[in-house]
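**Student:** Based on what follows, work out the 3D shape:
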Amino acid sequence: MNPNKEHPTPNAVKVMLFLKKRPDITDEKFHQHWREPHVKIALENTTFTSKVRRYNQVHTSPELKAQAQNLGMPVVDYDGIAEVWVDTMEDWKAIVSDEEFIKFIAADELHFIQHPIQIMLCYDNLVIGTDKKTGQETQLEGKTILKQN
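**Tutor:** I've put the predicted structure just below:
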């Protein structure tokens with residue numbers, strides 16, 4: 001484990017892309033297009049599939065946004081977040097500079113995503129759950145949590 005506990009060395013780079021739907025399409029169209037044809041295009045790119053460790057889509061809806069607003073806290077103005085895990089920044093750079101990826105993914109984004117897309121580079125600090133890589137778990141106050149080394 002990295003002795004710098006404030007900023008530990010991540011075992012992967014997590015790229016979070018904050019997405020807004022184009023204003024001229026419905027929520028349903030945005031989410032359907034992102035879940036189906038957009039994923040298919042991404043998975044056809046060998047650079048993407050060889051470099052990505054994990055790809056997750058976080059979807060929301062007007063109903064969930066309204067429920068969040070009822071909690072009395074500010075609500076982010078996004079319709080989804082793409083989470084992409086890669087081993088290194090060089091892997092991410094290889095993906096976003098791949099000519100085929102740019103040609104097909106960037107073109108497809110114009111069908112449903114409002115630009116610019118905002119990005120955050122980060123890492124996870126799993127507190128509750130199972131580390132899928134190591135399978136390590138522990139018990140604390142009746143909850144299963146990951147052992148921290």
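**Student:** What segments of the chain are strands?
**Tutor:** For the chain, the strands defined by DSSP state E occupy 13-21, 52-59, 80-86, 113-122, 138-140, 143-145.
**Student:** Tell me which strands the second one pairs with, and in which orientation.
**Tutor:** So that's strand 52-59. Applying DSSP bridges, strand 52-59 is found paired with strand 80-86 (antiparallel).
**Student:** Next, the angle strand 13-21 makes with the strand it pairs with.
**Tutor:** Strand 80-86 and strand 13-21 are oriented at 160 degrees to each other (axes from the mean of the first three to the mean of the last three C-alpha atoms, to 10 degrees).
**Student:** which residues touch strand 80-86?
**Tutor:** For strand 80-86, the external contacting residues (C-beta atoms under 8 Å, 6 or more residues apart in numbering) are 12-19, 21, 30-31, 34, 51-60, 92, 95. For glycine as for every other residue, the C-beta is placed from the backbone atoms N, C-alpha and C.
**Student:** possible to save the strands of the chain as JSON lines with mean neighbour count, mean pLDDT and distance to residue 70?
**Tutor:** JSON lines is the format used below for the strands of the chain (neighbours: other C-beta atoms under 10 Å; pLDDT from 0 to 100; distance: least, C-beta to C-beta, whole Å):
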{"stretch": "strand 13-21", "mean neighbour count": "18", "mean pLDDT": "97", "distance to residue 70": "22"}
{"stretch": "strand 52-59", "mean neighbour count": "14", "mean pLDDT": "96", "distance to residue 70": "19"}
{"stretch": "strand 80-86", "mean neighbour count": "19", "mean pLDDT": "97", "distance to residue 70": "21"}
{"stretch": "strand 113-122", "mean neighbour count": "13", "mean pLDDT": "96", "distance to residue 70": "25"}
{"stretch": "strand 138-140", "mean neighbour count": "9", "mean pLDDT": "51", "distance to residue 70": "32"}
{"stretch": "strand 143-145", "mean neighbour count": "12", "mean pLDDT": "52", "distance to residue 70": "28"}
